[in-house]
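Novice: curious how this folds, go ahead:
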Amino acid sequence: MTQYHNDIEAVAALKEQYGSGWNAIDPESVARMRTQNRFRTGLEIAQYTADIMRRDMAEYDADSSAYTQSLGVWHGFIGQQKLISIKKHLKTTNKRYLYLSGWMVAALRSQFGPLPDQSMHEKTSVPALIEELYTFLRQADARELDLLFTQLDEARRAGDETAVEFIRSQIDSYETHVVPIIADIDAGFGNPEATYLLAKKMIEAGACAIQIENQVSDEKQCGHQDGKVTVPHEDFIAKLTAVRYAFLELGIDNGIIVARTDSLGAGLTQKIAVSSGSGDLGDQYNSFLDAEEISDADLANGDVVIKRDGTLLRPKRLASNLYQFRPGTGEERVVLDCITSLRNGADLLWIETEKPHVDQIAAMVDAIREEVPNAKLVYNNSPSFNWTLSFRQQAYDLLAEQGADISAYDRADLMNVGYDDTELAQLADEKIRSFQKDGSARAGIFHHLITLPTYHTAALSTDDLAKGYFGDEGMLAYVKGVQRREIREGIATVKHQNMAGSDIGDNHKEYFAGEAALKAGGQHNTMNQFN
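Specialist: Model prediction:
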């Protein structure tokens, strides 16, 4: 017996129990509404998706080709359309997630208008977007199931039992649009208590995976900008622990914490770490400070000094009252950060790099895996990278290493359109195409994401339409560039009334009012032109 059939029988029994007062209730209509509303709370979603991620992580550990992917989204509709497209083209949502980007929340969802990625946006906008995304994904389920229910009714009216059984099997095996969200909590928006409170709101909205970075909350910068300031490990561990407590309090015992380190590009720290003895975490953190050896006689008023291995050291302090790390220590600090995070509650790592280079990432992961063998990454395939330039340079260097003739190329000018059809450009594009597969096989990347792709696609598609519509093409720009493509490529939004829930509403009207229902989907509905 299926859940759909069980619900019909259960409501039929209730109807009999409550007598004539329930005459208007149709048990199958209730079963349909229940099927369309599988997830009743955000916590149900968080648990369901945490189970998915844990399964996927185990599968990746067994086979590195089983990596996962996501695209960053900034609105529920964008996330919904992404999952609809995935189901249409790939037939399954398996191993495809959503990413919620703090950058896009700051740039697009703040009441202050566009803001830089510096944790200045309202922190409540993050759980609000999680809730919005799942509202739209659940609506996608309701819409798609409503179409199946309509087909089921039509097959019954036609007396086609084969079609009836086939459609019933589709309903019973229906795959939801609800998938895991990896949600960016930035640097935690304050102290560990603030991090805990926000994490709870995010989990209650449905987040099963929370990504947190080791930057200072009040000095937070975008991962691909300068001026990043990290915190000592003990400070970061407290926030990792706060997020874990939030998961446990809410009963999501297998929730996922993604610990991000910005140390590769961060040259500054706000604090000198507390050290209780040689070689402890605080001492290791401080060992990377850019410091000069001094004597008592060299001490000046207001100096801050540390003693290490019997030597008095004065860390370089800037006018901002921040301390500077020694140049060239980034990768060592990344490795220490990652090992420490995994030993203190993190499940996955995020290493923010300055370029997409498999060998660079792999070198750090190899060092981490010497201490934690199953360490794996979430990796930002960032639009902040110039992918074309970076991989053409990598291809140039590879050809040079192989002794090929590279005299026709200027390494400093490889973005030049004149190189587009060359062997070097083709090699670079192939390396871009295989980057995710190669990175997962060689560099321990479990999850590949693009942080803010839909920010760029929205701008690009709007530019295309505006250029033609307000130019000589007029209405043809929309018809040819948008509507005709929607029709021919099967884009669901061509029936925008249906996408917004018009047919679901009509069916509900019929449930509630029977033959008296005033429905919108009659023969004069212009949406019928797209049937």
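Novice: only C-alpha atoms for contact and neighbour calcs from this point on.
Specialist: Noted.
Novice: now the strands for this structure?
Specialist: For the chain, applying DSSP state E gives strands covering 68-73, 96-100, 181-184, 209-213, 229-230, 256-261, 268-269, 291-293, 306-308, 311-315, 323-324, 348-351, 377-380, 445-450.
Novice: for these, which has the smallest mean pLDDT value?
Specialist: Per-stretch mean pLDDT for these is lowest at strand 306-308 (a mean of 86).
Novice: tell me the spacing between residue 27 and residue 301.
Specialist: Residue 27 sits 82 Å away from residue 301, going by CA to CA, to the nearest Å.
Novice: which one's more surrounded, these two?
Specialist: Between residue 27 and residue 301, residue 27 has the larger neighbour count (other CA atoms under 10 Å), namely 19 against 5.
Novice: and the more buried one, what does it touch?
Specialist: 7-9, 11-12, 15 (CA atoms under 8 Å, 6 or more residues apart in numbering).
Novice: how about residue 447?
Specialist: 67-70, 377-379.
Novice: which two from those residues end up farthest apart in space?
Specialist: Spatial extent of those (CA to CA) is set by the pair 70 and 377 at 13.5 Å.
Novice: those two - which one has more neighbours?
Specialist: Neighbours were tallied for residue 70 and for residue 377 using other CA under 10 Å; the higher tally belongs to residue 377 (24 against 20).
Novice: wait, that one touches residue 350, no?
Specialist: Yes - in this structure, residue 377 is within contact of residue 350 by CA atoms under 8 Å, at 5.5 Å.
Novice: can you list the weak-confidence ranges in the chain?
Specialist: Applying pLDDT under 70 to the chain picks out residues 1, 116, 217-227, 517-531.
Novice: same thing but at 80, please
Specialist: Residue ranges of the chain with pLDDT under 80: 1, 116-120, 217-227, 297, 494-497, 499-502, 505-506, 509, 512-531.
Novice: farthest residue from the center of it?
Specialist: When distances are taken from the C-alpha mean of the chain, residue 297 lies farthest, 54.2 Å away, according to CA atoms, centre = their mean.
Novice: helices or strands up against the longest helix seen in the chain?
Specialist: Secondary structure of the chain per DSSP state H: the longest helix is helix 125-158. In terms of contacts (3 or more CA pairs under 8 Å, 6 or more residues apart in numbering; DSSP states H and E), helix 125-158 is packed against helix 27-36, helix 76-90, helix 102-108, helix 161-172, strand 181-184, helix 192-205, helix 502-513.
Novice: the last one versus helix 27-36: what angle between them?
Specialist: I take that to be helix 502-513. 140 degrees (axes from the mean of the first three to the mean of the last three CA atoms, to 10 degrees).
Novice: distance between helix 502-513 and the chain's centre?
Specialist: 35 Å (CA atoms, centre = their mean, to the nearest Å).
Novice: may I see the buried residues of that helix?
Specialist: For helix 502-513, burial by neighbour count (16 or more other CA atoms under 10 Å) applies to 502-504, 506-511.
Novice: same for it, what does it pack against?
Specialist: Contacts defined by 3+ CA pairs under 8 Å, 6+ apart place helix 502-513 against helix 125-158.
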